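# here is a sequence with its predicted model. Questions after.
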Amino acid sequence: MSDYDVDLFVIGGGSGGVRAARMAAQHGARVMLAEEYRVGGTCVIRGCVPKKLLVYASRFRAEFEDAAGFGWAVPHSSFDWPRLIANKDREIARLEAAYTATLENAGVAVVKSRAVLADAHTVQLANGKRLRAAYVLVATGGTPSYGDRIPGIEHAISSNEAFRLPALPPRVVIQGGSYIAVEFAGIFAGLGAQVTLVYRGENILRGFDDDVRHHVRTDMEKHGIRVITGCTVAAIERHDKHLSARLSGGNHIPADCVMFAIGRRPNAAGIGLEEAGVEIGKDGGIVVDAYSRTSVANIYAVGDVTNRVNLTPVAIREGAAFADTVFGGKPTAVDHGDVPTAVFSDPEIGCVGLTEAQARARLEQTDIYRVMFKPLKATLSGRDTTVLLKLVVDGATDRMVGCHMVGEGAAEMAQLAAVAVKMGAGKADFDATMALHPTTAEELVTMRQKTASYVRAAAE
Ligand code: NDP
């Protein structure tokens, strides 16, 4: 590898790139990483981490309301958006510095520059400097998509801008019905905005279990979020300082902020990939094999730019597996099965494994165990909310194939349920586990009665 300036050049300093660079360096490789924006990438700078901080902020409203039932008299509360954003920015800056320090301590050279491929082994920086690399890892992530250009789209923001709005917009219209749309609907509503969610399909959260979708939508509406389905934002008009979202059905919704959260596209264009011979898929993502290798032998790609499972922990695993494969002498393919996921909406979703619909399509027999109950805390707070817990079991083998939860702590529960599902635990293992009382999670091990059992109809 001595003919090269570096053994590995990583393009992109997000979750996947940082992990890969650090581990490759620890395996003894000479590594350089280029990041054109801020080290930490989407997750740390304008994704998961700041989002979760905003979610925490948004939940205080309900906590203050709930406190009365527990004897507290909470004086009039007020919320200061600029203070929240400033505090959030300080924490993000701290994390960014920590990520950079971790890389540098591992011996990775970090350059703050855009980097593009000049050929399969040559990377060019913004200042024109070229470096020869034995291996290149593309970890450039994704970018919010705005879909087809509608009139007035320049007035819309994406999640990127939502993190640095100068003030909390009093009225927000959000287009989209998945992770980002639903999470920001909860954030803005919790902080005091009037929120309308506009979704093109029949019900939000397509791909999640149908009971979860129904439950979350009902609760969101109970908490004051207006959900309009079966239409899209067709145009955005500006009237002086205010906006108006014109829906495909013709209605106008007045707004101070229109946010689009309709998916993200991989950052695979304009960085010399196609010129270097790297195959790009129809979805715009880099095509890779199980080891994250592209169609060019020395070029690999991890994370959202490959459009596999677009979640931070997955990108981190892919980055680590890449480093072990190429520099650690241990070929490692990432298992993308049974990845737990959470939506930090209000109410929160946590799930892992097959939905009921997926199980019924794949398995001979699917058993469903489902409970809905008022959480203990709601008895004194008087909050109108219920928890949903649902287990999807392979009726032929007793194996737990899916677990879906809505309510406080759902994400934390999903992480642990994922261990059981990944291990191949059976319903009997859940039944044999002693309950931990009084918790929400105890219901996972006390569900004895099947709610439903479905046998797949024989193929015609
Ligand atoms: P998703 O790709 O998850 O969903 C896109 C949403 O927008 C869907 O509801 C989709 O509808 C709708 N949509 C797509 N195109 C259009 C269009 N042209 N007009 C109207 N609606 C449209 O995108 P998100 O932006 O919510 O999230 C992006 C990624 O970020 C996801 O892959 C997710 O994994 C990740 N993420 C994860 C989080 C977490 O783990 N908690 C949090 C935030 C993001 P339809 O259902 O009909 O296709």
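Arrived safely. Numbers count the residues shown, from 1 in each chain.

# rest of the way, CA atoms for contacts and neighbours
Fine.

# is residue 123 part of a helix or strand, or is it coil?
Under the three-state scheme (DSSP: H, G, I helix; E, B strand; the rest coil), residue 123 adopts strand.

# excluding chain neighbours, what is closest to it?
residue 117 (4.5 Å; C-alpha to C-alpha, 6 or more residues apart in numbering).

# need the contact list for the one you found.
123, 124, 271, 272, 273, 276 (C-alpha atoms under 8 Å, 6 or more residues apart in numbering).

# okay, and the beta partners of the residue nearest to residue 360 when sequence neighbours are not counted?
In this structure, residue 360 finds its nearest non-sequential neighbour in residue 366, 5.8 Å apart by C-alpha to C-alpha, 6+ apart. Note on residue 366: beta-bridge partners by DSSP bridges are residue 394, residue 454.

# so the residue nearest to residue 123 is in which element?
With elements taken from DSSP states H and E, the one containing residue 117 is strand 115-119.

# quickly run through the sheet partners of that strand, with directions.
Short version: by DSSP bridges, strand 115-119 pairs with strand 122-125 (antiparallel).

# what are the buried residues along the partner strand?
Within strand 122-125, the residues scored as buried using 16 or more other C-alpha atoms under 10 Å are 122, 123, 124, 125.

# near the ligand, which residues of the stretch 301-450 of the chain are found?
Within reach of the ligand by C-alpha under 6 Å from any ligand atom, the stretch 301-450 of the chain has these residues: 310, 311, 341, 342, 343, 344.

# what is the neighbour count of residue 257?
Number of residues near residue 257 (other C-alpha atoms under 10 Å) recorded here: 23.

# ok, now residue 317?
Counted with other C-alpha under 10 Å, residue 317 comes out at 22.

# any idea how far it lies from the ligand?
Per C-alpha to the nearest ligand atom, to the nearest Å, residue 317 is found 15 Å from the ligand.

# okay, that residue: pLDDT?
With respect to pLDDT, residue 317 has a value of 98.

# for the most centrally placed residue in the chain, what are its contacts?
Among the residues of the chain, the one closest to the centroid is residue 311, at 5.2 Å (C-alpha atoms, centre = their mean). Residues near residue 311 by C-alpha under 8 Å, 6+ apart: 303, 304.

# one step back: and which of the contacts of residue 117 is nearest to residue 399?
Distance to residue 399 across the contacts of residue 117 (C-alpha to C-alpha) is lowest for residue 273, with 43.3 Å.

# all helices of the stretch 1-150 of the chain, in order?
15-26, 41-46, 48-67, 81-105 (DSSP state H, counting those that start in this stretch).

# nearest to residue 390, out of these?
The closest of those to residue 390 is helix 48-67. By C-alpha to C-alpha, the value is 24.4 Å.

# show me what the closest one is packed against.
Counting contacts by 3 or more C-alpha pairs under 8 Å, 6 or more residues apart in numbering; DSSP states H and E, helix 48-67 is packed against helix 41-46, helix 81-105, helix 179-191, helix 376-381.

# tabulate the CA atom coordinates of stretch 79-86 in CSV.
Only the C-alpha atoms of stretch 79-86 are listed here, as CSV (Å, rounded to 0.1, in the frame of the first residue of the first chain):
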residue,chain,number,x,y,z
PHE,A,79,-41.1,28.3,26.9
ASP,A,80,-38.1,30.0,25.4
TRP,A,81,-37.2,28.6,21.9
PRO,A,82,-33.9,30.6,21.4
ARG,A,83,-32.7,29.3,24.8
LEU,A,84,-33.5,25.7,23.8
ILE,A,85,-31.8,26.1,20.5
ALA,A,86,-28.7,27.7,22.0
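
# looking at the stretch 351-460 of the chain, which residue is nearest the ligand?
Shortest the stretch 351-460 of the chain-to-the ligand distance, computed as C-alpha to the nearest ligand atom: residue-wise this is residue 411, at 9.2 Å.

# re the thing from before, closest to residue 147 out of the residues of the stretch 301-450 of the chain next to the ligand?
residue 310 (18.5 Å).

# state the number of residues packed around the closest one.
16.

# residue 119 now?
Other residues near residue 119 come to 15 when the count uses other C-alpha under 10 Å.

# so which strand or helix has the closest residue in space to it that isn't next to it in sequence?
Nearest residue to residue 119, sequence neighbours excluded (C-alpha to C-alpha, 6+ apart): residue 276, at 5.0 Å. Per DSSP H and E, residue 276 falls between elements, in no helix or strand.

# dump the residue contacts of residue 276.
117, 118, 119, 120, 296.

# pLDDT score assigned to it?
Residue 276 is given a pLDDT of 97.

# rewinding a little: farthest pair in the contacts of residue 276?
Across the contacts of residue 276, no pair lies farther apart than 118 and 296, at 13.8 Å, counting by C-alpha to C-alpha.

# which one of these two has more residues nearby?
Higher neighbour count among residue 118 and residue 296: residue 118, with 18 against 14, using other C-alpha under 10 Å.

# ok, that one touching residue 277?
No - if you go by C-alpha atoms under 8 Å, residue 118 and residue 277 don't touch, sitting 11.1 Å apart.

# residues from the stretch 151-300 of the chain in reach of the ligand?
Counting by C-alpha under 6 Å from any ligand atom, the residues of the stretch 151-300 of the chain near the ligand are 176-181, 200-201, 206, 232, 261-264.

# closest to residue 382 out of the contacts of residue 276?
Nearest to residue 382, judged by C-alpha to C-alpha, of the contacts of residue 276 is residue 117 at 59.3 Å.

# would you map the strands across the stretch 351-460 of the chain?
Taking DSSP state E, counting those that start in this stretch, the strands of the stretch 351-460 of the chain run over residues 365-373, 387-394, 400-406, 452-455.

# hey, which of the ones you listed is tucked in deepest?
A comparison of the strands of the stretch 351-460 of the chain by mean neighbour count, using mean count of other C-alpha atoms under 10 Å, puts strand 400-406 on top with a mean of 28.

# elements contacting that strand?
Using 3+ C-alpha pairs under 8 Å, 6+ apart, strand 400-406 sits against helix 210-222, strand 349-353, strand 387-394, helix 410-423.

# circling back to that earlier point, same list (the residues of the stretch 151-300 of the chain next to the ligand) but as CSV, adding pLDDT, distance to residue 165 and secondary structure.
Converted to CSV, these look like this (pLDDT from 0 to 100; distance: C-alpha to C-alpha, whole Å; DSSP: H, G, I helix; E, B strand; the rest coil):
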residue, pLDDT, distance to residue 165, secondary structure
176, 98, 19, coil
177, 98, 22, coil
178, 98, 22, coil
179, 98, 20, helix
180, 98, 16, helix
181, 98, 16, helix
200, 98, 26, coil
201, 98, 29, coil
206, 98, 29, coil
232, 98, 24, coil
261, 98, 16, coil
262, 98, 19, coil
263, 98, 20, coil
264, 98, 20, strand
